[in-house]
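A.B. asks: Sequence and predicted structure, then a few things I'm wondering about:
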Amino acid sequence: METALLQLNRPLCSRGKMDLKLRPNMAAFSQQTVQFNGATRSRVFTCASSSSGPRRKPKRSIAPKIRDIYVKGAAPVSPQEEIEEKPSQASNNGKSRTEDEMEPSIYEEEDRIEKPDSLSFLDKQTVHVGSKLSKKDKKHIMESSEVKSAGDDVRIEETWYTENSMQEEKPIVEEAATEEKPKIDPEEYRRRVLILAEENVRKGNICFVYPENVEPNQEIEIFLNRSDSALRDKPDVQIKGAFNGWRWKFFTERLHKTEFNGDWWSCKLFVPKQAYRIDFVFFDGGNVYENNNSRDFLLYVQNDMDESSFEEFLVEEKKRELERIAQEQAERERAEEEKRRREREEEARNADLAQAKAEVERKKEVLSRAVQLAGTSSSGLLEFEPTGFRGGDRVRLFYNRSTRPLEHAQNIWLHGGYNNWCDGLSLAEKLVKTDKRDGDWWYTDVVIPEKALILDWVFADGPPQEARNYDNNNFQDFHAIVPNSISEEQFWLEEEVRIFKRLQQERKSKEEAAQRKAERTARMKAEMKERTMRAFLLSQKHIVYTDPLEVKAGSTVTVFYNPSNTVLNGKREVWFRGSFNRWTHGSGPLPPQKMFTAENGTHLKTSVKVPLDAYMMDFVFSEREDGGIYDNRNGMDYHIPVLGGVAKEPPMHIVHIAVEMAPIAKVGGLGDVVTSLSRAVQDLGHNVEIILPKYDCINFDHVQDLQFQRSFEWGSTEIKVWLGKVEGLPVYFLEPQNGMFSVGCVYGRGNDGDRFGFFCHAALEFLLQSGSCPDILHCHDWSSAPVAWLFKEHYMHYGLSNAKVIFTIHNLEFGIHQISKAVSSADKATTVSQTYSREVSGNPAIAPHLYKFHGIVNGIDLDIWDPYSDNFIPVPYTSENVEEGKKAAKIALQKKLGLRVADYPLVGIITRLTVQKGIHLIKHAIWRTLERNGQVVLLGSAPDPRIQNDFVNLGNQLHSSHADRARLCLTYDEPLSHLIYAGADFILVPSIFEPCGLTQLIAMRYGSIPVVRRTGGLYDTVFDVDNDKERAQAAGIEPNGFNFEGADAAGVDYALNRALSTWYDARDWFNSLCKRVMEQDWSWNRPALDYMELYHSARKN
């Protein structure tokens, strides 16, 4: 027992085995971790136990799991240069070896050091430094796990480190300068070190440390007995090491010869406060190492810091580092923006100078013609007193009206200006009759403008705005040269400066107004997105929610769960199972946690600590600790975003393959969805691309940076690939040289199925041949449905295996065979609203695949449909001035269409005139509105000539009977549609079926109240103000319109009568409803989040 206790008090250097694990700074080193093998002598000194014993499981860490890479023969690299290779000391007796001669080995986790059988380390030549160890440190030493034998591969671990860990190697002793060093008695120091040196020489140990108890924020001295090491004949001895398993603060120090007995060399190191262990080796400055038989030297620090808390420290450091990088990036962006602003200002200044010069030249030319007509007097008609005058002088102008157009006028006025009316009408003086001259003379006193070269005037029978008769010198006006004016050269120079300043001020005012508008638009968008995210988090509140609602990294969050609304209803127990970062967090899944009843009694709850490197919280619920029945949200799992984390969600690569795209190749709503959804997902930080046929009818004015990329062969056809940007999205245009898409249209050919099938196959072939590896392939409707089954049959196992296929049905009325086959092949299928998905769930194409069929409501593009920045309406408005804006728009609409300008309730109808859109209900609604003394405006056309002619006749009838209150515009007019949305009080959408519908969403964006039939997406987005309050509350919004059931006149009357009565009888409440619907978010913010959940679910499955 005495022997065993003695070993614990022996210096650091008496152990026979030692663990080395280099985990270098990934930025400073070449991303490698190296173990060297070899031995010096049987009396090797070591710093930690490593005898045989059972392994223990590594502790769970909150840091991301490190991915292992194995490289043979690699050596660690210092922050400035590669660490020299450490040869096997046993085989070369201290002589250097080449890299090829080295035998690498693999290292286990740093805490896997073999556990000793007992406290007696003497037989294994193992002694720990320090006579006083904490129980925690002793346990760590005792539970260390085994070391891999020499000859295994070198283990390299990828990770990230803080700025501190990425700094260059520097003397650690410098850090000690900032600390107050305790005073050490030199004699006591010398006495104690002599004892330790003699004792270790006698015992054959090659190194020790002073003081024996290593603590943080302390300077220590490490001694090496060079004569007993692999460096016995080397004149230069250095130490190379790092803290906490070779992960932090690398250092290299030179040792110096001491005066103690033996060949002892030493150096001093400062131990930082975050250190819990020190790892080091000795070398000669070249490639000869003393590395403790390839296990390196390990020194434990008596510290509260351990591996887990150090991981937390690293994450905190990483967070601060990312904040610093973000701040620097923001500073660079501000500097770059300032540079661009100055460049724009310089360009604008030069443009204004050029414009000022051009205006001066034009004025010179015009003025020269006026000068030719000018004089200082005209005998018998005009005279000035005095005749010599200049700018600023008061002169008297005489006018003889005899035989002139005003000879019978009771009053005579002068309307004047100067320099060919450059400032318009700037003089107005009444003339007085004088009897001092022969003839009918009149006069007035005029102050000559300072900058006048010539005067311009006419005579009239009254002041401006009231005169009816003029003497304008036979349409040439009167002109008189100012005799003593400034020089013409000086005048034009000053005029150019004046014009330049005016242009600059106008430009500045416009830019400031545009900037204010852009900032307000961005602020409103951000506020709307924030409200949408909150609504997204609350959308499952009847099942699950968190406290706080917004989960932040590093915090503890409480999860509340109501099993009564799920498959776990009635279960005796409910267990929470969670993880982070889409179940990929390095710490792995959390242990199952039993949930307990919350204070409100309806929910269960549990608490979860959120790590600092989390960006998403993931969880499901089960009935037992070991599983059983799960509530996993129908395979989607529950996910809640985490704010403020160090880690960011890795971007997903999404490719849309479609035959339409707004605005370049838009036929229907499909093109809008492809563009708007792609932009919204791209705004979430993901990489989105679109593949589109290169039609010859594309509007290339909306394509930026179009460039030819490459050609490839498929189907015995050369296909050219072009790349451009549309609405900020990268778009690949495929142009087969067989002329398949050079037919002047998107649809309408007899071989549309063959054309689009060829395109789908070519798109997949392009992805394969270009080496693209998308995560998601998203195809749309029957036209690109072949992508789903062609991918599974020809490409999934041949280079595109990473992708999952999403198929969206926009309208089930077309291409049912292709749609059926695509739904069967796709990983997930969607349609454009939840209700429409239920309405078509019984269709044979859908019914067998309901488990993967989802409804996601479309959104609208807020940049296109924005009453605050809409150029087609007279007054921009937001929800704050909705009454003013809509009143102005109604008046403009009434004037434009020749309707009576009066305060009527106005019903707008914007639609395709087809049976699907409920044309019989539209006709009835027109007459009902007129009966209720309202106005009606219809905009739309019919593809069927019979329906078109029917509405032409209806329009003629209305023009005869209600010309001032009804107008049918049987075409499509984009600017007029904007004015109708803004000017109408109500927008009617009585569709018989409607997969989604955008009209009602745009209407609410402009503060118009939708009146709709309860079907498809109309039901999902319009909540009746009288009948849908509970349904609206469950959806997290307020009621926003009027709806009806049935497809007859009575149904329309039920909704339309209530709407019109509200306008007549409760105008204040109606105006508040307009404000309310404007503030609801029907953009792509929420659908984009839903689609991302679907994409992740597809990849997880």
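C.D. replies: Thanks, I have the structure now. Numbers count the residues shown, from 1 in each chain.
A.B. asks: Check the burial of Leu893 by counting its neighbours.
C.D. replies: For Leu893, the neighbour count with other Cβ atoms under 10 Å is 25. Bear in mind the C-beta positions are built from the backbone N, C-alpha and C, glycine included.
A.B. asks: is it true that it touches Val937?
C.D. replies: Yes. Between Leu893 and Val937 there is a contact at 6.8 Å, judged by Cβ atoms under 8 Å.
A.B. asks: Overlap of the contact sets of the two?
C.D. replies: Shared contacts of Leu893 and Val937, defined by Cβ atoms under 8 Å, 6 or more residues apart in numbering, are found at Leu899, Leu906, Ile980, Gly983, Ala984.
A.B. asks: Count residues in the vicinity of Pro876, would you?
C.D. replies: For Pro876, using other Cβ under 10 Å, the count is 16.
A.B. asks: Number the chain from 485, please
C.D. replies: Yes, from this point I'll number from 485; that puts the last item at Pro1360.
A.B. asks: Enumerate every residue touching it.
C.D. replies: Lys1001, Pro1351, Tyr1352, Ser1353, Asp1354, Gly1369.
A.B. asks: Show me the shared contacts of Leu1377 and Val1421 that map onto strands.
C.D. replies: Members of the shared contacts of Leu1377 and Val1421 lying in strands (criterion: DSSP state E): Leu1390.
A.B. asks: closest to Val1092 among the shared contacts of Leu1377 and Val1421?
C.D. replies: Comparing the shared contacts of Leu1377 and Val1421 against Val1092 with Cβ to Cβ picks out Ala1468 as the nearest, at 49.8 Å.
A.B. asks: Starting from Ile1393, give me the distance back to the closest one.
C.D. replies: 9 Å (Cβ to Cβ, to the nearest Å).
A.B. asks: Need the residues touching each of the two.
C.D. replies: Val1421.
A.B. asks: tell me the domain boundaries of this structure?
C.D. replies: 486-789, 858-969, 1024-1127, 1137-1339, 1363-1567 (automatic domain parsing).
A.B. asks: Any chance of JSON lines for those, columns distance to Glu978 and mean pLDDT?
C.D. replies: Below are the domains of the chain laid out as JSON lines (distance: least, Cβ to Cβ, whole Å; pLDDT from 0 to 100):
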{"stretch": "domain 486-789", "distance to Glu978": "59", "mean pLDDT": "58"}
{"stretch": "domain 858-969", "distance to Glu978": "7", "mean pLDDT": "90"}
{"stretch": "domain 1024-1127", "distance to Glu978": "59", "mean pLDDT": "93"}
{"stretch": "domain 1137-1339", "distance to Glu978": "43", "mean pLDDT": "94"}
{"stretch": "domain 1363-1567", "distance to Glu978": "41", "mean pLDDT": "96"}
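A.B. asks: Out of those domains, flag the one nearest Lys802.
C.D. replies: It is, among the domains of the chain and with distance given as Cβ to Cβ, domain 486-789, at 5.6 Å.
A.B. asks: Tell me who's in contact with the residue lying closest to Gln1378 once chain neighbours are set aside.
C.D. replies: What sits nearest to Gln1378 in space, not counting adjacent residues and going by Cβ to Cβ, 6 or more residues apart in numbering, is Val1385, at 4.7 Å. Contacts were defined as Cβ under 8 Å, 6+ apart; by that measure Val1385 touches Ile1375, Gln1378, Lys1379.
A.B. asks: do you know how far His1294 is from Ser1581?
C.D. replies: 21 Å.
A.B. asks: quick one, which of the two is more surrounded?
C.D. replies: His1294 (24 against 21).
A.B. asks: My guess is that one contacts Val1158. True?
C.D. replies: No. Counting by Cβ under 8 Å, His1294 sits too far from Val1158 to count as a contact (9.9 Å).
A.B. asks: Next secondary structure element downstream of the longest helix along the chain?
C.D. replies: Using DSSP state H, we find that the single longest helix of the chain is helix 791-857. Using DSSP states H and E, the helix or strand that follows helix 791-857 in sequence is strand 866-869.
A.B. asks: How far does stretch 1560-1575 sit from its chain's centre?
C.D. replies: 16 Å (Cα atoms, centre = their mean, to the nearest Å).
A.B. asks: what distance separates the start and the end of it?
C.D. replies: For stretch 1560-1575, the first-to-last residue distance is 27 Å (Cα to Cα, to the nearest Å).
A.B. asks: Provide the contact partners of it at residue level.
C.D. replies: 1012-1013, 1015-1017, 1019-1020, 1160-1161, 1163-1165, 1167-1168, 1314, 1340-1346, 1351, 1362-1363, 1366, 1485, 1488-1493, 1505, 1521-1522, 1524-1525.
A.B. asks: what do you get if the cut-off is 6 Å, keeping everything else the same?
C.D. replies: 1012-1013, 1016, 1020, 1160, 1164-1165, 1340, 1343-1344, 1346, 1363, 1366, 1485, 1488, 1491, 1521-1522, 1524 (Cβ atoms under 6 Å, 6 or more residues apart in numbering).
A.B. asks: what do you get for stretch 942-959?
C.D. replies: Residues contacting stretch 942-959 (Cβ under 6 Å, 6+ apart): Arg888, Pro889, Leu890, Ala893, Ile896, Trp897, His899, Ala912, Asp961.
A.B. asks: Quick one, which of the residues you listed are buried?
C.D. replies: Among the contacts of stretch 942-959, those classed as buried by 16 or more other Cβ atoms under 10 Å are Arg888, Pro889, Leu890, Ala893, Ile896, Trp897, His899, Ala912, Asp961.
A.B. asks: Going by distance to Asp788, which of those wins?
C.D. replies: Ala912 (90.4 Å).
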